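K.L.:
Build the 3D model from these lines:
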Amino acid sequence: MESQCLSLRDVPHTSRLHSAYLDDFSRVSAYYGHPPTLDGLRAAAAQTKLDPSTRAGVVGALRAQNQRFGPSETVDPSVARNLDRLGSGAAAIVTGQQVGLFTGPAYSIYKALTAIRTAAALTDSGVEAVPVFWLASEDHDLAEVDHCMWPSKDGMKRLAVKVAGEGESKASGGAAGNLSGSASGRPVGQIAFDDSIAALVSAAVESLDGPSASEISAMLREAYRPGETFSSAFGKLVARLLQGRGLILLDPQDASLQRLAAPVYRRALTENAALVHDLTVRNKALEHAGFHAQVRVAERATLLFLIRDGRRTPLRAIDSGFAAGDSAITLAQLEGALEKSPEKFSANVLLRPVVQDSLLPTAGYVAGPSELAYYAQASVVYQRLLGRMPVILPRAAFTLVEPRVARLLRKYHLQMRDMLRGRQHLRAILERESIPRELTRHFSTGDKNIHRYLARLRRSITRLDPTLAGALSTAERKILFQLEKLRRKVGRALESREALLDAREETLRDALYPHRGLQERELCLLPFLARQGITLLDELQERALPVAQRSSANFCHQVLFL
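P.N.:
Got it, this is the predicted structure:
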């Protein structure tokens with residue numbers, strides 16, 4: 001398989017912090033625990049000493065969860081082996097993502113493959129490690145997970161679900177299904193699909209083609225059924241898709257895991273003022289160094305939400321204690337509620353990774369660019385509440401170029417970086433490499449040149465024989481008529497060419513840079529796997545090289561020609 005390496009410097013919107021992390025870790029080392037190297041992973045693994053009862057409790061919860069996710073409610077043997085290893089003291093390489101419809105954007109799977117590959121590399125180096133995928137089931141941003149962009153043979157489709165009775169479908173050029181009940185503010189792991197999910201799955205599978213279309217279709221039908229939630233369906237689909245690769249799935253909306261996480265929630269409450277102060281200082285330090293703070297922290301903020309009436313409500317600090325919505329709550333009341341019902345508490349984006357790593361012996365976390373940035377802030381929360389922090393590992397990044405798209409790239413001598421430079425740049429290359437645009441200008445100047453030539457010819461001929469003037473006029477009309485006839489034919493050819501270029505430009509943009517975003521951030525991976533064969537996952541996993549085995553000079557966005 002041919003591949004090209006696109007420097008991250010050529011990728012639009014790459015932040016200065018992300019670039020510095022990859023190019024010169026020493027510039028940002030103060031904001032992270034360990035460098036992204038194999039030695040860094042080993043050092044982090046050595047610090048991941050979990051209390052034996054916590055480890056046993058987590059493994060027991062994960063065994064039950066992965067049984068529910070597995071086909072016929074059985075644990076994948078490769079996952080069962082890794083659960084045994086986790087229980088016996090193995091470290092974890094963790095990643096996670098929002099539980100998007102039909103796995104959401106392709107990078108969700110790329111993160112999982114990077115975690116699998118990194119865990120294997122760390123194990124090969126002599127430190128036992130297993131991959132874990134954290135399902136972001138507590139997140140309440142429904143708009144992030146209720147749809148997916150589905151590249152099909154008939155063009156791009158937006159497949160989406162909506163809340164029954166809350167307006168028209170948000171689908172655009174695609175199909176929609178319904179959710180049961182009102183979903184506003186509710187954790188997505190508690191939002192269930194109703195009977196219409198079957199029609200949405202049918203719309204997806206009917207547009208699949210290729211050698212693995214039937215296999216992908218069966219997985220979708222098994223996972224996305226009425227009564228399943230965003231997180232349970234996502235987990236079942238990923239368990240089937242990555243079967244045999246040993247990936248342990250973790251849904252944090254589990255009563256036993258929430259109880260094990262309660263000590264972190266308690267300290268986040270009792271030390272809230274110090275945490276907000278630490279974060280404020282860190283944000284200023286980042287900005288002073290020329291970087292950015294990914295998450296703004298207000299003076300009266302906390303790092304927690306409360307689940308009230310099924311909805312995730314931010315907890316704020318006030319003079320008398322805390323408040324959620326319009327209700328004031330004392331610290332003692334919150335501690336009592338935490339003791340009784342820890343599942344009523346939920347961590348924000350800066351506390352969530354600390355909760356995660358209080359439950360898991362995390363040596364490394366596979367992160368996207370935005371996550372990498374907020375870990376620079378979350379490190380102060382780690383320092384105060386956990387006393388350790390994992391290595392932050394940038395995920396593998398891919399753009400997949402299918403054969404029909406590769407042919408267009410070759411025909412017009414295009415590179416992936418041309419796609420990233422904007423529509424005008426792309427169009428200029430398409431036009432330059434097809435019929436010359438200056439042809440219309442030649443016709444315009446040709447008219448003038450013919451008129452001048454015939455005028456000179458008329459003067460010479462009429463001096464020779466004035467009676468030939470009529471014949472010359474007739475010849476002139478015929479010449480100009482034929483020229484105009486040719487112009488119209490060329491005009492029709494140019495119009496056809498413009499329509500063809502419009503279509504090819506749309507094909508290239510939809511396939512490689514849809515909605516002015518990287519393919520991996522916009523398009524679902526499943527249609528690619530159906531068309532190219534599910535064994536494409538093997539190739540992607542092999543190329544999801546652990547950062548620990550690469551020099552910073554080799555960090556790149558991989559363009560793969562399928």
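K.L.:
quick check, residue 130 in a strand?
P.N.:
Yes. According to DSSP: H, G, I helix; E, B strand; the rest coil, residue 130 belongs to a strand.
K.L.:
so who does it touch?
P.N.:
Shown in contact with residue 130 (Cβ atoms under 8 Å, 6 or more residues apart in numbering): 82-83, 85-86, 90-93, 119, 246, 248. The way it works is simple: take the backbone N, C-alpha and C, and place the C-beta from them, glycine included.
K.L.:
can you give me the strands in the stretch 101-250 of the chain?
P.N.:
For the stretch 101-250 of the chain, applying DSSP state E, counting those that start in this stretch gives strands covering 129-135, 147-152, 155-163, 175-179, 248-250.
K.L.:
Just the C-alpha atoms of the following helix or strand past the shortest one, please, in PDB.
P.N.:
Proceeding C-terminally, strand 248-250 gives way to helix 255-270 as the next helix or strand, assigned by DSSP states H and E. Output for helix 255-270, consisting of C-alpha atoms alone and laid out as PDB, is shown next (Å, rounded to 0.1, in the frame of the first residue of the first chain):
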ATOM      1  CA  ALA A 255     -22.600   2.000  39.900                       C
ATOM      2  CA  SER A 256     -19.600   0.000  41.200                       C
ATOM      3  CA  LEU A 257     -17.100   2.200  39.200                       C
ATOM      4  CA  GLN A 258     -18.800   5.400  40.400                       C
ATOM      5  CA  ARG A 259     -18.500   4.200  44.000                       C
ATOM      6  CA  LEU A 260     -14.800   3.500  43.500                       C
ATOM      7  CA  ALA A 261     -14.400   7.000  42.000                       C
ATOM      8  CA  ALA A 262     -16.100   8.700  45.000                       C
ATOM      9  CA  PRO A 263     -12.900   9.600  46.800                       C
ATOM     10  CA  VAL A 264     -11.800  11.700  43.800                       C
ATOM     11  CA  TYR A 265     -15.200  13.400  43.700                       C
ATOM     12  CA  ARG A 266     -14.900  14.100  47.400                       C
ATOM     13  CA  ARG A 267     -11.500  15.700  47.200                       C
ATOM     14  CA  ALA A 268     -12.600  17.800  44.200                       C
ATOM     15  CA  LEU A 269     -15.300  19.200  46.400                       C
ATOM     16  CA  THR A 270     -13.200  19.800  49.500                       C
END
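K.L.:
List the buried residues in helix 255-270.
P.N.:
256-262, 264-269 (16 or more other Cβ atoms under 10 Å).
K.L.:
do stretch 238-251 as well
P.N.:
Of the residues in stretch 238-251, those buried (16+ other Cβ under 10 Å) are 238-243, 245-251.
K.L.:
what's next to it, contact-wise?
P.N.:
Residues contacting stretch 238-251 (Cβ under 8 Å, 6+ apart): 62, 65-66, 69-71, 76, 78-79, 81-83, 86, 103, 109, 112-113, 115-116, 119, 130-135, 137, 189, 219, 222-223, 231-232, 235, 257, 360, 529, 534, 537, 541.
K.L.:
hang on, the earlier thing: between the strands of the stretch 101-250 of the chain, which gets nearest to residue 504?
P.N.:
Closest to residue 504 of these, according to Cβ to Cβ: strand 155-163, at 13.5 Å.
K.L.:
Which strands or helices does the closest one pack on?
P.N.:
strand 147-152, strand 175-179, helix 197-206 (3 or more Cβ pairs under 8 Å, 6 or more residues apart in numbering; DSSP states H and E).
K.L.:
could I get these as TSV with mean neighbour count?
P.N.:
Supplementary listing: the helices and strands packed on strand 155-163 in TSV, determined by neighbours: other Cβ atoms under 10 Å:
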stretch	mean neighbour count
strand 147-152	23
strand 175-179	22
helix 197-206	19
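K.L.:
biggest helix in the protein, by residue count?
P.N.:
Looking across the chain with DSSP state H, the single longest helix is helix 469-512.
K.L.:
Could you list every helix and strand in contact with it?
P.N.:
strand 398-401, helix 403-411, helix 416-420, helix 423-432, helix 439-464.
K.L.:
can we see that at 7 Å?
P.N.:
helix 403-411, helix 416-420, helix 423-432, helix 439-464 (3 or more Cβ pairs under 7 Å, 6 or more residues apart in numbering; DSSP states H and E).
K.L.:
Just name the most buried of these.
P.N.:
helix 416-420 (a mean of 19; mean count of other Cβ atoms under 10 Å).
K.L.:
roughly how far is it from the heart of the chain?
P.N.:
Relative to the mean C-alpha coordinate of its chain, helix 416-420 is positioned 19 Å out (Cα atoms, centre = their mean, to the nearest Å).
K.L.:
what sits up against it?
P.N.:
4, 6, 10-12, 399, 425-426, 429, 508, 512-513, 559 (Cβ atoms under 7 Å, 6 or more residues apart in numbering).
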